[in-house]
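Peer 1: need coordinates for the below:
(one chain, ligands or ions: 1)
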Amino acid sequence: MTAPVRTQDSTDVRASSSAPLSRSSAELIRAEEPVLAHNYHPLPVVVARAGGAWVEDVEGRRYLDMLAGYSALNFGHRHPALIEAAHRQLDLLTLTSRAFHNDRLAGFAEGLAALTGLDMVLPMNTGAEAVESAVKVARKWAYEVKGVPADRATVVVADGNFHGRTTTIVSFSTDPVARTGFGPFTPGFRVVPYNDLAALEAAVDDTTAAVLIEPVQGEAGVIIPDEGYLTGVRELTARTGCLFIADEIQSGLGRTGRTLAVEHERVLPDLVLLGKALGGGIVPVSAVVGRREVLGVLRPGEHGSTFGGNPLAAAVGSAVVELLETGEFQRRAADLGVILSDGLAALLGRGVVGFRARGLWAGVDIDPAFGTGRAISERLMAEGILVKDTHGSTIRLAPPLTITGEELRSALGALEKVLTQGM
Ligand SMILES: *Cc1c(COP(=O)(O)O)cnc(C)c1O
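Peer 2: Numbering: from 1, shown residues only. So this is what the prediction gives:
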């Protein structure tokens with residue numbers, strides 16, 4: 001006899017499930033270990049809710065988020081205007097693929113082009129895809145416009161770069177951890193020291209399609225080039241007839257006190273790569289934004305993405321552009337950046353051996369005698385402050401641009417306390 005077919009309502013599911021309804025932070029961390037690839041080493045905090053600059057863990061402990069998703073959360077967690085745009089779009093249309101037009105994409109592209117001062121937008125999803133797309137576009141431009149012989153195009157990049165994790169992108173990384181075990185690598189890249197115009201000039205030749213750099217190297221520890229470097233890159237690329245591609249995936253969209261970090265030297269690259277904050281902390285949205293003569297080399301079928309430019313992404317991306325059009329967030333980053341820099345300067349010689357800051361973004365080198373970056377991050381976590389270490393004894397501070405001066409001062413106070421304890 002076969003058992004009667006029965007449908008389950010949610011009560012049955014709960015009753016029949018052997019799993020408890022909710023698990024503690026410690027249990028959830030333990031549960032990840034056997035089932036989740038170990039490609040991250042997170043701080044032992046399990047976030048369950050968030051708003052603005054604050055997150056809350058499973059047990060209800062609150063933390064100030066001083067990382068902001070590596071700048072994916074420039075507008076804070078669940079900014080009301082962004083959540084509203086997403087909710088509205090969820091009730092209308094979420095995905096069409098680019099096989100059809102959708103009614104949100106034109107406005108998103110218009111807004112982003114106007115915001116950056118460039119002409120055209122190639123919508124993608126993740127940052128790495130924007131980088132990959134730009135490399136493809138630059139190569140095609142080199143063959144079709146510059147006249148580089150087939151398959152000979154080169155792209156010049158900088159030592160210490162971080163552009164993402166794909167096979168091609170790690171091919172031109174100089175970080176052994178990112179590369180080792182992942183070869184064979186994609187050819188066609190030349191690495192030069194960052195912030196060195198003479199080395200860049202020596203590496204550029206008739207095969208060069210583009211120079212690809214970060215205007216501020218985020219993952220490397222918020223490395224800011226000398227005044228004049230970005231102007232020099234612009235001048236050199238224009239003079240030698242290759243493209244200037246600025247990876248603004250982390251530095252862009254308000255973080256440094258300007259819409260784009262290249263604006264600090266008033267230069268306009270040929271291609272600008274955006275991601276992270278472009279998705280408003282809600283969905284992955286990235287884009288290559290560029291001059292028509294360059295992005296115009298792509299023709300139907302040559303490049304694409306199933307999700308790139310989807311209506312939900314475009315709606316959220318448009319709302320992000322609208323927030324940035326007000327100038328409020330760029331201003332906040334610049335103003336609060338003064339508090340951040342002053343606070344860090346006061347810690348020099350008291351556990352901080354050096355720091356680099358631009359806008360609301362700082363790389364802080366901790367005296368190794370006071371602990372590793374990881375140890376400091378863990379002690380800050382115990383004080384209710386979430387940060388992320390990078391490269392041994394450097395921690396990175398990049399709170400949401402919505403943070404208040406008072407909250408920022410409290411985070412700096414916690415850093416002072418943690419460093420004092422370490423003495
Ligand atoms: C994060 C980042 C990327 C890669 O973005 P993903 O969305 O993680 O693929 C590329 N470039 C820079 C400068 C970044 O900070």
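
Peer 1: around the ligand, pick out the residues from the stretch 101-250 of the chain.
Peer 2: 126-128, 131, 162-164, 214, 218, 247, 249-250 (Cβ under 6 Å from any ligand atom). C-beta: built from backbone N, CA, C; applies to glycine.

Peer 1: out of these, who's nearest the ligand?
Peer 2: residue 127 (2.1 Å; Cβ to the nearest ligand atom).

Peer 1: following the chain past the helix or strand of the chain with the lowest mean pLDDT, name the next helix or strand.
Peer 2: Of all the helices and strands that make up the chain, helix 10-16 has the lowest average by mean pLDDT, DSSP states H and E, namely a mean of 44. Per DSSP states H and E, the first helix or strand lying C-terminal to helix 10-16 is helix 25-35.

Peer 1: distance from that next one to the middle of the chain?
Peer 2: Remark: helix 25-35 is offset 27 Å from the chain centroid, using Cα atoms, centre = their mean, to the nearest Å.

Peer 1: and the contacts of that helix?
Peer 2: 23, 44-46, 57-59 (Cβ atoms under 8 Å, 6 or more residues apart in numbering).

Peer 1: just the buried members of those?
Peer 2: 45-46, 57-58 (16 or more other Cβ atoms under 10 Å).

Peer 1: okay, those residues in TSV with distance to the ligand next?
Peer 2: Formatted as TSV, the buried ones among the contacts of helix 25-35 follow (distance: Cβ to the nearest ligand atom, whole Å):
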residue	distance to the ligand
45	21
46	21
57	24
58	26
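
Peer 1: residue 383: how many residues sit nearby?
Peer 2: 16 (other Cβ atoms under 10 Å).

Peer 1: is it true that it touches residue 418?
Peer 2: Yes: at 6.3 Å, residue 383 counts as touching residue 418 under the criterion of Cβ atoms under 8 Å.

Peer 1: how about the residues of the stretch 251-400 of the chain that lie near the ligand?
Peer 2: So the stretch 251-400 of the chain meets the ligand at 275-276 (Cβ under 6 Å from any ligand atom).

Peer 1: so, low pLDDT: which residues of the protein?
Peer 2: Low-confidence segments of the chain (pLDDT under 70): 1-21, 422-423.

Peer 1: domain map for it?
Peer 2: 25-65+328-421, 80-325 (automatic domain parsing).

Peer 1: just name the most buried of those domains.
Peer 2: With neighbours defined as mean count of other Cβ atoms under 10 Å, these peak in mean count at domain 80-325, which reaches a mean of 20.

Peer 1: okay, how far is it across it, tip to tip?
Peer 2: 16 Å (Cα to Cα, to the nearest Å).
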